[in-house]
Structures are given as C-alpha cells and as structure tokens.
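**Q** output the structure for:
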Amino acid sequence: MTRTWKAPRQAEPKHIEAEEQSPGLYIVSTPIGNARDISLRALEALKGADLIAAEDTRVTAKLLAIFAISRPLTAYNDHNAPRERPRLLARLKQGECVVLVSDAGTPLVSDPGYKLVREAIAEGVAVHVLPGASAPLTALALAGLPTDRFFFAGFLPPKSAERKNILEEFKTLRATLIFFESAQRLGESLADLAAVLGPRQAAVTRELTKLHEEVRRGTLAELAGRYAAAEPPKGEITLVVGPAGEAAPDFSRVAAALEKALEFMPLRAAVDLVAEMLEAPRREVYALALKMKKDG
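**A** So this is what the prediction gives:
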C-alpha cells in the first residue's frame, strides 16, 4: 500500500496586537542606515505620538515619509534644547505622548536628550525606551574584537594634543574601545591612536547597514598608514580598537614574596598566596617556587 506523506500541520501565526500607547516620553531608536531596521514598536510609537521631537526635522521627515507617517514635528537639538525643553516638559505634564528621536540610532548616545530624560523623571513623567539600531554595538559585533567588555568614548577631540591626552586615560582600560570619528580626521586620529595605544588590532567601519557598508581590519599602525595615503572616505565612521594586553607580572617581586612565604608555609599554600596577592599566573608562580626549592 502506497502511503502519501503529509506535512505536519503548522500552527497559525499569532497576530501581534498593537499596544495602547500611554502618555509619557518615548525614547525611540531609528535606523542607522537601512530603513528596514526600524522596529514594529518604533513605528507604533511614531504613529501614536502627539509630538515627535527630532534632532533634525528634515532627516526625520524623510524617515516618516518612507512609512507613510504624518505627525507633528519639532526640532530638539544641542542648540535649542534650553529653550525647547520646558515646552516639551509642559506638554508631557499635560498627559501627551512625546517621542524623542535622533537623526540615526539610539537617542542620548552621542546625541541630545539626557537632560530631557533627567527632568522628565524629576517631574514624575513616565519614560519609555524602545531599543533598536545602534552604531557602536553594530560596529563592535562586526569588528571581530573582544565583546565581553567595551567602552564607548564618542568623538575624540579634534586637536592632536587634546586627543593624545584623552587616549592616555584610556590606555590601561582592559576593554575594547569604540569611537566615532569624522572622515577628514580619520588618518590623523588613527596615527595618534597608534602612537599612544601601541600595536593593537582595530577595525574601521563605515556606512554601517547601508549599501556601501565597509569594514577594514588591521593594526592601528597599518590602518593609519592606509588612510594617511588615501582620500578621506565618505560616510559615517565608527572605530573599534582592541583592549590593552595583559601586563606581564613582575617576577622579581614574585620571587621575593615566595622566598618569604616559603620560610613558614608549605609550597602549594605559598604559591596560592603569592599568585593571588600579586595577580600572577599560578602555573608560572608554581614553576618558580619549584625551581627555588630545588636551587635552595
């Protein structure tokens, strides 16, 4: 008897109901390049807003047009924030829904908005964050460098001397470093990074999520040489720099500590104590302790 195979019955997809939008301040992430990266929640918030506060209304108007959204827009940026913030807070306290967006990515990350959020919280206004695209996190995932610990430093100072002073503060951080940089300063900044931070691996990411997305990887010195000899690249740039390497332990101090500890402690206990106290690799401390015992 021939049996006909039938595909298992698939569960019907569940329809996701739009959430009712309560009053408050909505911090909404927008795409960093590809408009399709916008989230369903972001679209709902934009459609339901009484007012959209945008870093640049012209940029946000283009995004809204793509999704056929028409809502009142007002500019909120570093230049007009002192004047506009009280107006936005007044509308929020009246129970309106105000959406804050930047030109691209997540507001407050190297963009205006921190003081508005702080004062909204102080006034008892509900604050909602709708997560989404972020250039620093996208670049970090793309760079191929350690992601377990990272530090986002925003834009470096435009002048070399100030830039080097700031980099000296970051030099000993055991974390991957993330910077924004302008195309015109890229070569100079990479040269300063190489001079201060040394031979670290790095990545230059450009035009993230866009048609001409590009990532170039190498040491800081290699990348500095490449961009010093080339025309400034086009588009938005995010730099990712590998963390500081593990500092080699001072084994003269390890030997001196072991010598004292071995006078009144068993070998293993002395090794454990010294390795923990001086943050030295236990295996190497143990090998040194054995050698000292043998030579002594």
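**Q** the residue nearest to A49 when sequence neighbours are not counted is in what secondary structure piece?
**A** Spatial nearest neighbour of A49, chain neighbours left out: V99 (4.2 Å); criterion: Cβ to Cβ, 6 or more residues apart in numbering. C-betas here are computed from N, CA, C, even on glycine. Per DSSP states H and E: V99 is located in strand 97-101.
**Q** pull the residues that contact that strand.
**A** Contact with strand 97-101 is made by 21-28, 30, 45-46, 48-55, 60, 76, 88, 91-92, 107, 113, 116, as judged by Cβ atoms under 8 Å, 6 or more residues apart in numbering.
**Q** show the subsequent helix or strand relative to that strand.
**A** Scanning forward in sequence from strand 97-101 by DSSP H and E, the next helix or strand is helix 114-122.
**Q** for this structure, which segments count as strands?
**A** Per DSSP state E, the chain carries strands over the ranges 24-28, 51-54, 73-75, 97-101, 127-130, 150-155, 176-181, 201-206, 214-219, 237-241.
**Q** mind giving me the packing neighbours of the third one?
**A** In other words, strand 73-75. Counting contacts by 3 or more Cβ pairs under 8 Å, 6 or more residues apart in numbering; DSSP states H and E, strand 73-75 is packed against strand 51-54, helix 57-66, helix 81-93.
**Q** cutoff 10 Å now
**A** Using 3 or more Cβ pairs under 10 Å, 6 or more residues apart in numbering; DSSP states H and E, the elements in contact with strand 73-75 are strand 51-54, helix 57-66, helix 81-93, strand 97-101.
**Q** now swap in the first one and tell me
**A** With contacts taken as 3+ Cβ pairs under 10 Å, 6+ apart, strand 24-28 sits against helix 40-47, strand 51-54, helix 81-93, strand 97-101, helix 114-122, strand 127-130.
**Q** which other helices and strands contact the first one?
**A** In this case it means helix 40-47. Packing partners of helix 40-47 (3+ Cβ pairs under 10 Å, 6+ apart): strand 24-28, helix 57-66, strand 97-101, strand 127-130.
**Q** list the contacts of V240.
**A** Shown in contact with V240 (Cβ atoms under 10 Å, 6 or more residues apart in numbering): 136, 139-145, 147, 150, 176-179, 201-205, 215, 217.
**Q** and those, which of them are buried?
**A** 136, 139-140, 142-143, 145, 150, 176-179, 201-205, 215, 217 (16 or more other Cβ atoms under 10 Å).
**Q** separation between the most centrally placed residue in the chain and R41?
**A** Compute the mean C-alpha point of the chain, and by Cα atoms, centre = their mean the closest residue is P136, 3.6 Å away. Counting by Cβ to Cβ, to the nearest Å, the separation of P136 from R41 is 21 Å.
**Q** domain parsing for this protein?
**A** Annotated domains of the chain cover 24-133, 136-241, 251-295 [automatic domain parsing].
**Q** what comes up buried for stretch 156-168?
**A** 156, 163, 167.
**Q** and what of stretch 105-120?
**A** By neighbour count on 16+ other Cβ under 10 Å, the buried set for stretch 105-120 is 105-109, 111-113, 116-117, 119-120.
**Q** how many residues are close by G218?
**A** Counted by other Cβ atoms under 10 Å, the residues lying close to G218 total 14.
**Q** that older thread, what about the residue nearest to A49, how many residues close to it?
**A** Per other Cβ under 10 Å, the neighbour tally for V99 reads 27.
**Q** please look at R282 and A270 and confirm they touch.
**A** No - R282 is beyond contact range of A270, at 11.5 Å (criterion: Cβ atoms under 10 Å).
**Q** settle it for me: which of the two has more neighbours?
**A** A270 (23 against 13).
**Q** measure that one to A120 for me?
**A** Per Cβ to Cβ, A270 is found 58 Å from A120.
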